[in-house]
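Peer 1: build the 3D model from these lines:
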Amino acid sequence: MAKTYIFNPDSDLALANGDANYLPPRSARRMADDLSLLPAWYADEGDAVLIPNSDALYYWSKTSSNNIIRSEIKWITNKESLPSQPLSPWGWNAALVKQMRVRGLGDEHLPSVEEMETLRALSSRRMAVEVLAEVVQHLSHEHPLMGESAFCLTEEEIARWVEAHPATMLKAPWSSSGKGLRRGQGLYQPPLSGWCARTLAQQGAVVVEPLYNKVKDFAMEFYASGDGSPLSFVGYSSFVTDANGSYEGNLLMTDEEIEEELSAYVPRETLHHVCTRLQRAIGERTGAHYRGYIGVDMMICHVKRENQKRDMCLHPCVEINLRMNMGVVAHIFYERYVAKGCKGRFVVDYYPTPDALREAHVRRMEEAPLQLSPEGRICKGYLPLTPIGRETQYLVWVLVEKG
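Peer 2: From the prediction side, this is the model:
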């Protein structure tokens, strides 16, 4: 059955707020508008993509991207009625449900109030805390795993954890990538204590974990069928973050190549056992309450312990994202559009001005002109995946190199 896709990157912020009348900040609205056509790269033949206006299509027609997408997509602007078919958003939240209902989408295609409350609870970082503990408990005696975290409900609990470690990372239960985070330095005092008190009042808890010596970020991507069975493994995601932990982009590689790189740090057997345990643990918790993609962020960390041969360990569950994510988009894009044997980068960029974006775009086109294989796959060069208009400040682009 055909679906209607929508890119709503503010979903995590909306979940944190919880109000059906939530209005995202201007930056999130700008990102949603600039990247609204992104779902076209992972939608299927006959699907629809919801876009803000026809201007996006005009600028889209001016880029080479328009000639590469193989699926026939139906574009729906905000002024048009929605087709009566399942909605596939970047992420579900109460505000989106209300917006779609106002636009006439039937309740049969929308989560109920009760279902939305359950999904919001499952999207809390509490599940990541629980799953991490389960995976480490069952597998750490045979595999080089590490990681601990606490879901703290009071300032007293938070203070004990912060003061028990020289450096900690504190997280709000609901927040978007790189947001809602604070660092602790062994003392529970202002301004950290003030942030914790506000987060407790707004969201009811704070997650505290030791700050680890990270070597590499990556993720395992899964799909939940919504029937309570173990998750299906979709593939790996090798991604890059900035100094604040915000997502910057993905490496375009095969799953075999990513696993080969990871095996230089931890055994393949460890990765496979962690994958199986996560499939079961998360599937049991989501049950029939969620259908869609799930990303589990992980990291390789440098650990020094006495009498331990290995100094690299796997943190198997840093975050769990019950929504579409850029790792899945990069994975699907690579499988559909990149020539065999080639590698590259998938980047999400923000520019301070539209002029800065256009200058970077022109420079990349000149430095890395696009080259296609006889089969129409990308074998080398730069390609923007979203339109570049007069006011665009966000851009998703790829740069492919021959292997």
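Peer 1: so P316 is in contact with V136, correct?
Peer 2: Yes - counting by CB atoms under 8 Å, P316 does reach V136; the two are 7.1 Å apart. From N, CA and C alone the C-beta is placed, and that goes for glycine too.
Peer 1: count of residues packed around V162?
Peer 2: When neighbours are defined as other CB atoms under 10 Å, V162 has 25 of them.
Peer 1: helix/strand/coil for A40?
Peer 2: With DSSP: H, G, I helix; E, B strand; the rest coil as the basis, the three-state label of A40 is helix.
Peer 1: that one: neighbour count?
Peer 2: Neighbours of A40 under the rule other CB under 10 Å: 21.
Peer 1: same thing with P230?
Peer 2: By the other CB under 10 Å criterion, the neighbourhood of P230 contains 17 residues.
Peer 1: cool, and Y394?
Peer 2: Using other CB under 10 Å, Y394 has 19 neighbouring residues.
Peer 1: distance of it from A32?
Peer 2: The spacing between Y394 and A32, counted by CB to CB, to the nearest Å, is 9 Å.
Peer 1: could you do Y290 as well?
Peer 2: Here Y290 is placed at a distance of 22 Å from A32 (CB to CB).
Peer 1: and what of E163?
Peer 2: Distance of E163 to A32, computed by CB to CB: 41 Å.
Peer 1: do the same with P316
Peer 2: Taking CB to CB as the measure, P316 and A32 are separated by 32 Å.
Peer 1: quick one, which of these two is more surrounded?
Peer 2: Each of P316 and A32 has its neighbours counted (other CB under 10 Å); P316 has more, 29 against 20.
Peer 1: let's verify that one: helix, strand, or coil?
Peer 2: Per three-state DSSP, P316 ends up strand.
Peer 1: quick check: Y382 is in a strand.
Peer 2: Yes - judged by three-state DSSP, Y382 forms part of a strand.
Peer 1: I figured it hits Q371, correct?
Peer 2: No - counting by CB under 8 Å, Y382 does not reach Q371; the two are 10.1 Å apart.
Peer 1: more crowded one of the two?
Peer 2: Counted by other CB under 10 Å, Y382 and Q371 do not tie: Y382 has more neighbours, with 21 against 13.
Peer 1: how about the helices of the stretch 301-403 of the chain, start to end?
Peer 2: For the stretch 301-403 of the chain, applying DSSP state H, counting those that start in this stretch gives helices covering 326-337, 354-367.
Peer 1: can you redo these as TSV with mean neighbour count, mean pLDDT and distance to E114?
Peer 2: Converted to TSV, the helices of the stretch 301-403 of the chain look like this (neighbours: other CB atoms under 10 Å; pLDDT from 0 to 100; distance: least, CB to CB, whole Å):
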stretch	mean neighbour count	mean pLDDT	distance to E114
helix 326-337	22	97	27
helix 354-367	14	97	43
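Peer 1: closest one to R26 among those?
Peer 2: Of all the helices of the stretch 301-403 of the chain, helix 354-367 sits nearest to R26, with 14.9 Å by CB to CB.
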